[in-house]
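Colleague: sequence and computational prediction follow.
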Amino acid sequence: MKKLLFLIATTIVSFSACAQPTKTIGGACEGCEAIHESPVAFEKLKSEVTLPDFNEAGPKIEISGIVYQRDGMTPAKDVVIYVYHTNQAGVYPSKGSETGWGKRHGYIRGWVKTNKNGFYQIYTLKPAAYPNRKDPAHIHITIKEPDKNEYYIDDYLFSDDPLLSKQRAASPRGGDGVVNLVDTEKNISHATRHIILGLNVPDYPYAGLPKLTSGLQIGSNCPAFDPLHLSGADAGKKACPMCKYGYGQGVMIWFNHANLDHMRDFIQSFEKEMQAKGEKQLRVFFIYMNPFYKEHPDATPQEILKGKLARWGEEQNLKKVALTWIPSPVDETTAKVYDINPKAKNTVFVYKKRRVASKWVNIEYDDKSVEEILQVLK
C-alpha cells in the first residue's frame, strides 16, 4: 500500500513539474499575436516581402539585413518577421475588410521569413509620423523564432527624422533600430538593419558565448604588426601600433564578425575615454579580421578604405580610436603572431609598455565590459 501511495505521489509531482508553463520571453506584448495572422503559412513565407502600399504615392524604401542568433555572429534561418506602419497621413489605414489585429494595425503590414543565410528584405513606403504628436515616424516589428514565443524589438526609426531624439536607446531590443536611408538609382531609398535575436530582451535564454582559448598569455611581449588604419591618427595608411605607441598603455580589440551594429555604443565608450584622457595616456585599436581578403586577394588598400568597414567608421565619427583592418583571422603576419583563435568572436588585450597586462575572450559589448577593461588601466 505504501509503495502504491509513493508511486501515485511521484506521478502527481512529476505531472505538476511538467505542467508548469514556460516563461514568456520579452514580457507583455500587446498585438504581438498578430504575427500568427499571416495569410501565408509560415513554412511558405519568402525572405522578401512587398507591403500593400508600395505602389501608392510616397517615398519608396527597401530595408534589408541579416538576422543573427544571440551570439551576434551566426545567421538565424526561418525567423518570421511581422511589420506594420502608418500611411502617408500618419494613420493606420483600413479598407473595411480587415479582421483580427488588422482592424488596429491597418492593411499596411506584411510577413517575411529569413532564408538559410539569415537574410530578409522589405519593400514599402516610408511612413509618416502620427499627426499632432511628437513621436518620430516608425515601423513596428515583431519576431517569431521557430522554438520560442513571439516578442517585439525596437521599431525601425529613420536617422533623418527631425522628431528623432538625439539620445538613442541605451539597450535597444534586438539591436539599434535607427536606419540610414541611402538613395539608389531606382528611386528607392535603401536601409540596412541587422537584428540580434534576444539582445536586451527580458527572459531570453542565453548561456553566453563559449569559453575559448585565444591570444597571447599575460606577460607576453606584444609583437609588431601592420594593420591598415581606417580612423584615428594614422587613418589611410598602414602603421604598427606597438612600434609607434607600445611605450604607453592601451587596448586592442581583435574582432571576427561582420555584424558591426551592436558594437556602436562599445566603440563610442572608448572614443569618449580617449578624448577625456588624451592619446598619451590611452590608445585604443579595434582590429577587424576581415575574411574579405580570401575572396578578393588582389584588393588594394584604396578599395578597403571605400568599403563597408570604413563607411561604418565614418558613421561613428571616430577621431581618436583607431579602427583597423587585417586580411583574415588566420593571417600569418598579424592574427597568427598574436595567437588569435579564429573561432572567437573577439579577443581583447590591455597592454602596458608593450606587454600583455590583461586579456579577455568573447566579451559582451556592454558597459560592464568597458568598465572592467578600463579598471585595469587605472
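Modeller: Arrived safely. Predicted, not measured: the structure shown is a model, and the values here were computed from it.

Colleague: alpha carbons only for contacts and neighbour counts from here, please
Modeller: Will do.

Colleague: which residues of the stretch 151-300 of the chain fall in helices?
Modeller: Ranges of helices in the stretch 151-300 of the chain, per DSSP state H, counting those that start in this stretch, are 241-245, 264-277, 292-295.

Colleague: reformat these as JSON lines; add mean neighbour count.
Modeller: Shown next, in JSON lines, are the helices of the stretch 151-300 of the chain (neighbours: other Cα atoms under 10 Å):
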{"stretch": "helix 241-245", "mean neighbour count": "17"}
{"stretch": "helix 264-277", "mean neighbour count": "17"}
{"stretch": "helix 292-295", "mean neighbour count": "12"}
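
Colleague: closest one to Trp312 among those helices?
Modeller: Minimum separation from Trp312 across the helices of the stretch 151-300 of the chain (Cα to Cα) falls at helix 264-277, 9.3 Å.

Colleague: average pLDDT for that closest one, rounded please.
Modeller: The average pLDDT within helix 264-277 is 94.

Colleague: contact partners of it?
Modeller: With contacts defined as Cα atoms under 8 Å, 6 or more residues apart in numbering, helix 264-277 is touched by Leu282, Arg283, Val284, Gln316, Leu318, Lys319, Lys320, Val321, Tyr365, Asp366, Asp367, Val370.

Colleague: 6 Å instead, please
Modeller: Lys320, Val321, Tyr365 (Cα atoms under 6 Å, 6 or more residues apart in numbering).

Colleague: roughly how far apart are Lys280 and Lys320?
Modeller: Using Cα to Cα, to the nearest Å, Lys280 is found at 11 Å from Lys320.

Colleague: swap in Thr124?
Modeller: 39 Å.

Colleague: tell me which of these two has more neighbours.
Modeller: More crowded of Thr124 and Lys320, by other Cα atoms under 10 Å: Thr124, with 25 against 22.

Colleague: may I have the secondary structure class of the more buried one?
Modeller: What DSSP: H, G, I helix; E, B strand; the rest coil gives for Thr124 is strand.

Colleague: now it: how far from Trp325?
Modeller: Counting by Cα to Cα, the separation of Thr124 from Trp325 is 36 Å.

Colleague: biggest strand in this structure, by residue count?
Modeller: The longest strand of the chain (DSSP state E) is strand 60-68.

Colleague: I'd like the next helix or strand past that one.
Modeller: Once the chain leaves strand 60-68, the next helix or strand it forms, by DSSP states H and E, is strand 80-85.

Colleague: the protein - how does it break down into domains?
Modeller: Following automatic domain parsing, one gets these domains for the chain: 32-196, 228-377.

Colleague: re earlier: what is the longest strand of the chain packed up against?
Modeller: strand 119-125, strand 189-192, strand 195-196 (3 or more Cα pairs under 6 Å, 6 or more residues apart in numbering; DSSP states H and E).

Colleague: since that was my last question, I'll sign off now.
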